[in-house]
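# quick one: sequence plus predicted model below, questions after.
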Amino acid sequence: MHQTPLNAFHRERNARLVDFAGWEMPVVYTSIIEEHHFTRQHCTMFDVSHMGRIEVWGAGDEAFLQKLCTRNVGDMAAGLSRYSHICREDGGILDDVIVSRCEDHYLIVCNASNRTKIVGWLGQHGNEFGVEIRDRTLETAMVAVQGPEALETLGQLLPVGLDDLKRYRFKTGNIMGVEFFIARSGYTGEDGVEIILPAQFATTATQMLISKSGGLGRPIKPAGLGARDTLRFEAGMPLYGHELTEEWDSITAGQGWAVDLSKDFIGQSAMKRVADEGPRRTIVGLELDGKRIARDGCEVYHDGRRAGFITSGTKSPTFDKVIAMGMLETTASEPGTQVEIDLRGQRSSATVVALPFYKRPKK
């Protein structure tokens with residue numbers, strides 16, 4: 001099992017560690033609910049070093065990524081990041097990724113569970129474009145600092161201005177001779193950044209940020225994968241293996257905004273057919289009556305017949321209600337539609353609602 005560069009940091013703080021996609025990761029430090037609320041109200045730091053960090057080098061890098069990504073990445077200037085999917089010919093989603101354009105190469109951040117698959121897929125298609133694929137995952141660390149206080153706090157601690165850093169933009173900086181990458185992105189529904197730096201400096205940098213933020217009276221607290229999941233869930237963000245899989249395409253997954261059908265990419269023909277005919281099913285939000293949580297795979301019924309299944313479920317710490325996402329037939333997908341969910345033999349009433357469940361307050 002892999003350990004992130006921050007493994008000792010987690011152990012010193014008595015985090016509960018679990019096996020996640022072959023990595024020993026902190027699921028919780030104090031409590032999921034406490035870490036969830038602190039992120040929504042203040043600022044937390046997540047170790048996301050398990051996620052893949054893959055570089056693409058070579059003169060054909062732009063054309064290569066245009067061919068592999070569902071999103072148009074050809075018009076990206078240096079300093080821009082963009083969410084996209086990488087798919088098979090039949091539209092099945094291999095992974096959802098963030099593509100960043102650096103001055104002389106591209107950086108792809110992918111899911112930990114799909115890193116080997118994506119590195120292989122990139123390598124399989126790279127020769128045609130003369131590109132070099134470099135997997136930097138084990139050489140680097142990555143942390144996400146998230147919450148309404150994240151940018152203001154980090155702006156006082158880092159030697160790079162963040163006031164002009166827009167959403168899905170990134171900068172590079174240097175502190176004590178160590179170069180780092182900082183992007184305004186995240187997976188919580190809150191504002192914040194994701195920082196990549198050399199693995200050997202990760203613990204020192206993390207301890208410095210936490211210590212100095214406390215000195216400012218605005219402490220950054222560590223948070224685990226448990227809170228990361230409830231936060232992304234409330235924000236209606238898909239999780240690979242649940243809302244995104246090789247079993248369906250990006251449009252069916254409700255991510256049509258991340259697909260540019262005007263360009264040629266692997267899976268374009270299949271997705272154009274889905275777009276022309278209209279998807280037969282789609283991902284929806286659900287609010288359940290009662291206190292029982294609907295787990296992935298639970299069947300959903302509409303008008304007495306099976307209409308789909310649950311992809312993820314939880315109890316929302318922010319709203320104190322049971323919520324879920326599910327793949328339903330489009331005939332049952334309109335907000336306000338009443339459905340029933342089979343919870344181990346018992347039916348629970350639920351209402352289809354628009355996603356996301358949570359939007360951060362506007363300043």
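Received it, and whenever you're ready, just let me know what you need. Quick caveat: nothing in here was measured; it's all calculated off a predicted structure. Residues are numbered from 1 along each chain as shown.
# can you give me the helices in the stretch 101-250 of the chain?
115-126, 150-155, 202-215, 225-234 (DSSP state H, counting those that start in this stretch).
# just those helices: most buried one?
Greatest average neighbour count among the helices of the stretch 101-250 of the chain goes to helix 225-234 (a mean of 23), per mean count of other C-beta atoms under 10 Å. (Glycine included, C-beta is placed from N, CA and C.)
# what packs against that one?
The elements that helix 225-234 packs onto, with contact taken as 3 or more C-beta pairs under 8 Å, 6 or more residues apart in numbering; DSSP states H and E, are strand 23-28, helix 32-41, strand 44-47, strand 305-316, strand 321-329.
# kindly recompute the last result at 10 Å.
Contact analysis of helix 225-234 by 3 or more C-beta pairs under 10 Å, 6 or more residues apart in numbering; DSSP states H and E lists strand 16-20, strand 23-28, helix 32-41, strand 44-47, strand 140-146, strand 305-316, strand 321-329 as its packing neighbours.
# export the helices of the stretch 101-250 of the chain to CSV and tack on mean pLDDT and distance to Asp135?
What follows is these, written out as CSV (pLDDT from 0 to 100; distance: least, C-beta to C-beta, whole Å):
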stretch, mean pLDDT, distance to Asp135
helix 115-126, 97, 5
helix 150-155, 95, 28
helix 202-215, 93, 18
helix 225-234, 98, 22
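# what's the closest of those to Ala59?
For Ala59, the closest of the helices of the stretch 101-250 of the chain is helix 115-126, at 12.3 Å, according to C-beta to C-beta.
# hang on, the earlier thing: pipe the helices of the stretch 101-250 of the chain into TSV and attach distance to Thr4 per row.
Compiled in TSV, the helices of the stretch 101-250 of the chain are given as follows (distance: least, C-beta to C-beta, whole Å):
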stretch	distance to Thr4
helix 115-126	13
helix 150-155	20
helix 202-215	8
helix 225-234	12
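# the ones you listed: which one's closest to Ser269?
When these are compared by C-beta to C-beta, helix 115-126 sits nearest Ser269, at 16.5 Å.
# touching that closest one from outside, list them.
Contacting residues not belonging to helix 115-126 are listed as 21-22, 50-54, 56-58, 60-61, 64-65, 67-68, 86-88, 94-95, 97, 108-111, 114, 131-135, 137, 246, 266 [C-beta atoms under 10 Å, 6 or more residues apart in numbering].
# for stretch 249-258, give the mean pLDDT please.
Rounded to a whole number, the mean pLDDT of stretch 249-258 is 98.
# need the CA coordinates for it. PDB is fine.
What follows is stretch 249-258, C-alpha atoms only, in PDB (Å, rounded to 0.1, in the frame of the first residue of the first chain):
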ATOM      1  CA  ASP A 249     -21.200   8.400 -21.100                       C
ATOM      2  CA  SER A 250     -20.600  11.900 -19.900                       C
ATOM      3  CA  ILE A 251     -23.900  13.300 -21.200                       C
ATOM      4  CA  THR A 252     -25.900  10.500 -19.500                       C
ATOM      5  CA  ALA A 253     -23.900  11.300 -16.300                       C
ATOM      6  CA  GLY A 254     -25.300  14.900 -16.400                       C
ATOM      7  CA  GLN A 255     -21.900  16.300 -17.400                       C
ATOM      8  CA  GLY A 256     -22.800  17.500 -20.900                       C
ATOM      9  CA  TRP A 257     -21.300  20.900 -20.100                       C
ATOM     10  CA  ALA A 258     -17.900  19.200 -20.000                       C
END
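# doesn't Ala324 make contact with Gly236?
No. Applying C-beta atoms under 10 Å, one finds Gly236 not in contact with Ala324, separated by 11.5 Å.
# picking up where we left off before, okay, the helices and strands packed on helix 225-234 in JSON lines with mean pLDDT and distance to Gln124 next?
Formatted as JSON lines, the helices and strands packed on helix 225-234 follow (pLDDT from 0 to 100; distance: least, C-beta to C-beta, whole Å):
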{"stretch": "strand 16-20", "mean pLDDT": "97", "distance to Gln124": "26"}
{"stretch": "strand 23-28", "mean pLDDT": "98", "distance to Gln124": "24"}
{"stretch": "helix 32-41", "mean pLDDT": "98", "distance to Gln124": "38"}
{"stretch": "strand 44-47", "mean pLDDT": "98", "distance to Gln124": "30"}
{"stretch": "strand 140-146", "mean pLDDT": "98", "distance to Gln124": "24"}
{"stretch": "strand 305-316", "mean pLDDT": "97", "distance to Gln124": "28"}
{"stretch": "strand 321-329", "mean pLDDT": "98", "distance to Gln124": "29"}
